[in-house]
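Engineer: I would like the atomic coordinates for the input below:
(chains A, B, C and D)
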2 protein chains.
Amino acid sequence: MTSSRTGGGRREQTRQKLFVAAQQLIAEQGFSATSVDEIAERAGVAKGTVYYNFKSKNELFEELLRHGVGLLTAALREASAAHPDAPIDQLDAMIREGLAFIEQYRAFARLLLSELWRTNRAWQNTLTLLREEAVAVVRASLDAAVASGELRADLDTGLVAAAIFGMVLVVAVDWLTFQPERSLDDVHAVLSTMVRGRLAAE
Amino acid sequence: MTSSRTGGGRREQTRQKLFVAAQQLIAEQGFSATSVDEIAERAGVAKGTVYYNFKSKNELFEELLRHGVGLLTAALREASAAHPDAPIDQLDAMIREGLAFIEQYRAFARLLLSELWRTNRAWQNTLTLLREEAVAVVRASLDAAVASGELRADLDTGLVAAAIFGMVLVVAVDWLTFQPERSLDDVHAVLSTMVRGRLAAE
DNA sequence: ATTTTTGTACTGACCAGTCAGTTCAAAAGA
DNA sequence: TCTTTTGAACTGACTGGTCAGTACAAAAAT
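Structural biologist: Alright, predicted model coming up:
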């Protein structure tokens, strides 16, 4: 799986190990409280290697953010594409996919939640763009659902998309942190119900 | 207003100034990235004063959390009490009150969002208890709404309460960060609609 | 042969927490 | 009334330690 021409596989492996280590430590302690020495140690790598692969601690973190959000948006787009002509099912599938992603990459989700709404940090611009990208995927389905008459026409889809994105993120992290005994299906059912508008008694 | 026997008023003022300064800086930069020197400077106070009033940087932050969450839960309880026999209206009022609180104390809300789901930090226990308190207020209304038949009986009120709490927090902060031109009423309308189950077309 | 990693040592900046000393308003004493 | 004392509140220089980033020669992998 790594024997191609330029031999870049080894380096990529090292970068992955560093991503995983940084992810865990920053989710636990926060960015500033996590030292480069710690990251290197947890990744089983020398400190010099960190600086051979990344320009700085900041850049390591920014690339980690791009990498993670890239995976997430790809997963959302895929879930959405699985239901071409049923916008509401798209939303449902994206919620499920979002929950599954967060379950798999808990540390990343926690760190995203901690950093996404912070101001005045070096990576704020990067993060804002990434958020835009993810929210746009959700919004597209909402717009389609409005167009097809499945959702009320007076909805502010930008606001609702941001709300759904944030809600899924925060509820999933809360679930994994404080109520890990719940199943993904339980959590999905609640969120799906809210989005479908079936909280009220029938 | 501050001339009573022991003269404790001055100290309280200093503590308030420190709370405000710490709140702003930690919301912007995070706890670890914020130095005690910075907090003291922004509060217009010498560094020694911080340590005269608080045992440590950690304790200053923990007391700040307790103080802020105390205000929030008090506001929620009050909103809830304003509609004694209408659980759904209680929820609605709490959402509005939550949004208003966050609008007023943006910095605190951001910091809460950043720290609430972090693991392995010194103040985790404090924060978990505070979260429990706030979620319990929401849950009480949900339980009442289920009992009165206004919400479906098969709802997991604990999960839904956590979801609503988290959703309001994250949507409010997202609103103030990325779409500040919206009005509180817009945001309230979206959240209220979701909770009332009216997202779907009529 | 070239890229990548290692390990150790180093630097300069920054930072939490301490402490000896200062300020000042109010109480006690004259 | 005027002086002295008290003590809570505050100050800011200082200390011991930590950390991001650098340097580089030797080793390992490709």
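
Engineer: Averaged pLDDT, stretch A:187-202. What do you get?
Structural biologist: Stretch A:187-202 carries an average pLDDT of 78.

Engineer: so where's chain A shaky on pLDDT?
Structural biologist: Filtered on pLDDT under 70, chain A yields the residue ranges A:1-8, A:198-202.

Engineer: Tell me the residues of it that contact DNA strand C?
Structural biologist: A:7-8, A:10-11, A:13-14, A:44-49, A:52-53 (CB under 7 Å from any atom of the strand). Where C-beta positions appear, they are placed from N, C-alpha and C, glycine not excepted.

Engineer: In TSV: these, plus distance to A:Val20 and neighbour count.
Structural biologist: Below are the residues of chain A next to DNA strand C laid out as TSV (distance: CB to CB, whole Å; neighbours: other CB atoms under 10 Å in any protein chain shown):
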residue	distance to A:Val20	neighbour count
A:Gly7	22	9
A:Gly8	19	11
A:Arg10	16	9
A:Arg11	15	14
A:Gln13	11	12
A:Thr14	11	17
A:Gly44	11	11
A:Val45	11	17
A:Ala46	17	11
A:Lys47	17	13
A:Gly48	19	9
A:Thr49	14	17
A:Tyr52	18	11
A:Asn53	13	17
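
Engineer: Not counting its neighbours along the chain, what's nearest A:Gly68?
Structural biologist: A:Phe108 (4.5 Å; CB to CB, 6 or more residues apart in numbering or on different chains).

Engineer: swap in A:Ala136?
Structural biologist: For A:Ala136, the closest residue by CB to CB, 6+ apart turns out to be A:Ala161, at 7.7 Å.

Engineer: quick one: contacts of the strand or helix carrying A:Gln90?
Structural biologist: Per DSSP states H and E: A:Gln90 is located in helix A:87-104. Residues outside helix A:87-104 that contact it (CB atoms under 8 Å, 6 or more residues apart in numbering or on different chains): A:71-72, A:75-76, A:78-80, A:82-83, A:109, A:137-138, A:141-142, A:144-145, A:148, A:150-151, A:164, A:168-169, A:172-173, A:176, A:184, A:187-188, A:191-192, A:195-196.

Engineer: follow-up on the earlier one: contacting residues around the residue nearest to A:Ala136?
Structural biologist: Contact analysis of A:Ala161 by CB under 8 Å, 6+ apart lists A:Val135, A:Ala136, A:Val138, A:Arg139, A:Leu142.

Engineer: Kindly report the same for A:Val190.
Structural biologist: A:Val171, B:Leu155, B:Asp156, B:Leu159, B:Val160, B:Ala163.

Engineer: and A:Thr73, how far is that from chain B?
Structural biologist: Taking CB to the nearest CB, to the nearest Å as the measure, A:Thr73 falls 17 Å from chain B.

Engineer: Which positions in the host helix or strand of that residue come out as buried?
Structural biologist: Assessed by DSSP H and E, A:Thr73 sits inside helix A:57-81. Buried residues in helix A:57-81, counted by 16 or more other CB atoms under 10 Å in any protein chain shown: A:57, A:60-65, A:68-69, A:72-73, A:75-77, A:79-80.

Engineer: Which strands or helices does that helix pack on?
Structural biologist: helix A:9-29, helix A:47-53, helix A:87-104, helix A:106-115, helix A:124-147 (3 or more CB pairs under 8 Å, 6 or more residues apart in numbering or on different chains; DSSP states H and E).
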